[in-house]
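> coordinates for the following, if possible.
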Amino acid sequence: MSTTYGIEAMRIFHAADDSMAPDIPLGATVGIDPALEPQAGDFVLASISGQEAIRQLDHDGVGGLRLTPSNELYPNWPASEARIVGVVREMRVKFR
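Numbers count the residues shown, from 1 in each chain. Below is the predicted model:
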């Protein structure tokens, strides 16, 4: 679930799974900046085959980039097959 507020505004995304745990836990709300240029090492919101997920943008070791989950139970995605929606700029976690 995501919401966009205003033009060029930060996009809000809710982590719907544990693919980025423990870095971004299930249920966390993250602010995505669509205007920020992604760099290796950034957490990004990516879209692949119509599915959006947060991943870390990393070097793949052979000259390209990949999108890596923090939780090893989830697959890596080749960055070349995904559309980077924006860069994670902030995170909010509700404890109670």
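> how about E90: what's its closest non-neighbour residue?
G31 (4.2 Å; Cβ to Cβ, 6 or more residues apart in numbering). Using the backbone N, CA and C atoms, a C-beta is placed for each residue, glycine as well.
> hang on, that neighbour in a strand?
Yes. Under DSSP: H, G, I helix; E, B strand; the rest coil, G31 sits within a strand.
> let me know the pLDDT of it.
Looking at G31, its pLDDT is 96.
> show me what contacts it?
10-12, 88-92 (Cβ atoms under 8 Å, 6 or more residues apart in numbering).
> strands of this structure, start to end?
Remark: strands assigned in the chain by DSSP state E are 2-4, 11-14, 29-33, 43-48, 51-59, 65-68, 77-78, 83-92.
> distance to A21 added to those, as TSV?
Formatted as TSV, these follow (distance: least, Cβ to Cβ, whole Å):
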stretch	distance to A21
strand 2-4	19
strand 11-14	14
strand 29-33	13
strand 43-48	13
strand 51-59	11
strand 65-68	13
strand 77-78	17
strand 83-92	12
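> least reliable of the ones you listed going by mean pLDDT?
Among these, strand 2-4 scores lowest, at a mean of 51.
> what are the contacting residues of stretch 84-92?
10-11, 24, 28-38, 42-47, 52, 54, 57.
> returning to that earlier point: identify whichever of the strands of the chain lies nearest to M20.
Shortest distance between M20 and the strands of the chain, using Cβ to Cβ, is found for strand 51-59: 5.1 Å.
> buried stuff in that closest one?
52-58 (16 or more other Cβ atoms under 10 Å).
> same question, stretch 79-94
79, 82, 84-88, 91.
> alpha carbons of that stretch, as PDB, please.
In PDB, the C-alpha atoms belonging to stretch 79-94 read as follows (Å, rounded to 0.1, in the frame of the first residue of the first chain):
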ATOM      1  CA  ALA A  79      18.600  -4.300 -11.300                       C
ATOM      2  CA  SER A  80      18.500  -4.300 -15.100                       C
ATOM      3  CA  GLU A  81      15.100  -6.000 -14.900                       C
ATOM      4  CA  ALA A  82      13.600  -3.600 -12.400                       C
ATOM      5  CA  ARG A  83      12.400   0.000 -12.300                       C
ATOM      6  CA  ILE A  84      13.700   1.900  -9.400                       C
ATOM      7  CA  VAL A  85      10.800   4.000  -8.000                       C
ATOM      8  CA  GLY A  86      12.900   5.900  -5.500                       C
ATOM      9  CA  VAL A  87      15.400   5.900  -2.600                       C
ATOM     10  CA  VAL A  88      14.400   5.100   1.000                       C
ATOM     11  CA  ARG A  89      15.000   8.300   3.000                       C
ATOM     12  CA  GLU A  90      13.400   7.600   6.300                       C
ATOM     13  CA  MET A  91      11.700   4.800   8.300                       C
ATOM     14  CA  ARG A  92       9.100   4.800  11.000                       C
ATOM     15  CA  VAL A  93       8.300   1.800  13.200                       C
ATOM     16  CA  LYS A  94       5.300   1.600  15.400                       C
END
